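**Q** Any chance you could fold what I've pasted below:
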Amino acid sequence: MKTTVVKEPDVFLQKAALLAKEFAKDAPERDLAGGTAKEQRDALRKSGLLTILIPAEYGGEGQPWSLVLRIVRELAKTDASLAHLYGYHFLHLVTPHFAGTEKQKEFFYTESAKNNWFWGNSFNPIEPTLIGKKEGDRFILNGYNTFSTGSRDSDRLLILWENPEDGKAYAGMIPTARKGVTVNNDWDGIGQRQTDSGSVSFDNVVVEKEEVLDKSESEGTAFFTLDAILSQIILANVFVGSAEGALEEARNYTLSKSRPWYLTDYKQAIDDPFIQRRYGDFWIDVQAAVQLVEKAGEKVDEAWAKDRSLTAEERGETVLFTGAANAFGTKVALNVTSNIFEVMGARSATRKNNFDRFWRNVRLHSLHNPIEYKRKNIGKWLLTGEYPIPSAYS
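**A** Numbers count the residues shown, from 1 in each chain. The predicted model follows:
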């Protein structure tokens, strides 16, 4: 077992950059096709990037969340679906750490590192459509969950169900190949086309006692409520990375293909001061968003390092930054990805170019966690000093 971290963060960032460059070669075509990015998922498996957050004592690289988030952003520059899958892989993988027991943390970290598991989920806290009935020490599940991100081609699923006998929600970690689990190929979102976020059906699926998330040691701590913080900072980096990628694509197009407006005397589109100003605005906004997500990532590192000693106040400070990063990143990404066409010109707006994929990806997922509520939460704190109440989305 590893006891020390032997690699510098730059090693992993370089791997991510090479993968992103490779993914970019057919990203527009894969977006149009949808389905499962099997080849690209396997490339992530082979890269060694799936275990970087796992502590060294359990066989991982012991890297911080901020590195994971930088990799998410790097991947999102070319493929927001794969960036989403990669970030959420870690969200699911660490759930036994912040919400389970020490024994579960050790087991799932160790097994994930040893087997290089790629995690997905079937976890929808809004719709209680999956029912689990107690049978001795285990549960028997029947029903389905929607929005099961990364479920296809995954090795392990983080799942959520409701027990009708006590009305409580339970979570668990099971093999995706478990008998009775059917991962349906029914994802049809306008964006995030290769996140496999469709439904999963359960037919008498057994969840053993040790696979049920045991909250006895963690519930009641501020650390237990980190799931929303992690989710929103992962997505903030998906959005900001998408804005960075869209801006770079637009710049390359304007430099090589855009034409000056016919009523001007400019020989090149890049000489038009109005186009120059728009690009300046885009770049300024994107840089501000990058700085905010990186600051929020540092706050997440600090909170994560405190583990169960994290206080409610420290948790509150962290969620202010992650919420702000998500809200501002969403705003900037929607603006950049929808307005780049105005500086590229009419010929850029074709299905073949598929530049609208950047906007579709941001627009679709930003609807799942509306920024208006983040703005309200932060504004309320500023006026009253009350931190956002921990929930599935704050």
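
**Q** Tell me how far the helix or strand where residue 340 lies lies from the chain's centre.
**A** Here residue 340, judged by DSSP states H and E, is contained in helix 312-344. Mean C-alpha position of helix 312-344 versus that of the full chain (Cα atoms, centre = their mean, to the nearest Å) differs by 14 Å.

**Q** same deal with stretch 93-104?
**A** Taking Cα atoms, centre = their mean, one finds stretch 93-104 lying 19 Å from the centre of the chain it belongs to.

**Q** And the closest residue to residue 213 other than its chain neighbours, its phi and psi?
**A** Distances taken as Cβ to Cβ, 6 or more residues apart in numbering put residue 171 closest to residue 213, at 4.1 Å, once the chain neighbours are dropped. For every residue, glycine as well, the C-beta is placed using N, CA and C. Phi and psi for residue 171, reported as degrees, to the nearest 10, are phi -120, psi 160.

**Q** Just list whatever residues bridge to residue 171.
**A** Residue 171 forms beta bridges with residue 160, as assigned by DSSP bridges.

**Q** tell me the mean pLDDT for the helix holding residue 340?
**A** Averaged over helix 312-344, pLDDT sits at 97.

**Q** For the stretch 201-350 of the chain, which segments are assigned as helices?
**A** With DSSP state H, counting those that start in this stretch as the criterion, the stretch 201-350 of the chain has helices at 227-256, 273-306, 312-344.

**Q** what is the orientation angle of the longest one with helix 227-256?
**A** When you say that, I think you mean helix 273-306. Interaxial angle, helix 273-306 versus helix 227-256 (axes from the mean of the first three to the mean of the last three Cα atoms, to 10 degrees): 150 degrees.

**Q** So which elements touch helix 273-306?
**A** With contacts defined as 3 or more Cβ pairs under 8 Å, 6 or more residues apart in numbering; DSSP states H and E, helix 273-306 has these neighbours: helix 65-76, helix 227-256, helix 312-344.

**Q** quick one on the thing from earlier: deepest of the helices of the stretch 201-350 of the chain, which one?
**A** Ranked by mean neighbour count under mean count of other Cβ atoms under 10 Å, those are led by helix 227-256, which reaches a mean of 24.

**Q** Minimum distance to residue 290: which of the helices and strands packed on helix 273-306 has it?
**A** Closest approach to residue 290 among those (Cβ to Cβ): helix 227-256, 6.0 Å.

**Q** what separates the closest one from the chain centre, distance-wise?
**A** 12 Å.

**Q** for the record, mean pLDDT for it?
**A** Average pLDDT, helix 227-256: 97.

**Q** Throw the helices and strands packed on helix 273-306 into a markdown table and include distance to residue 380, thanks.
**A** Formatted as a markdown table, the helices and strands packed on helix 273-306 follow (distance: least, Cβ to Cβ, whole Å):
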| stretch | distance to residue 380 |
| --- | --- |
| helix 65-76 | 26 |
| helix 227-256 | 16 |
| helix 312-344 | 11 |
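
**Q** So, low pLDDT: which residues of this structure?
**A** 1-6 (pLDDT under 70).

**Q** mind running it again at 50?
**A** Scanning the chain for pLDDT under 50 picks out 1-3, 5.

**Q** tell me the domain boundaries of it?
**A** 9-118, 121-211, 223-384 (automatic domain parsing).

**Q** Of all these, which one comes closest to residue 394?
**A** Residue 394 sits nearest to domain 223-384 of all those, at 5.6 Å, using Cβ to Cβ.

**Q** What is the linear distance spanned by the closest one between its boundary residues?
**A** End-to-end span of domain 223-384 (Cα to Cα, to the nearest Å): 24 Å.
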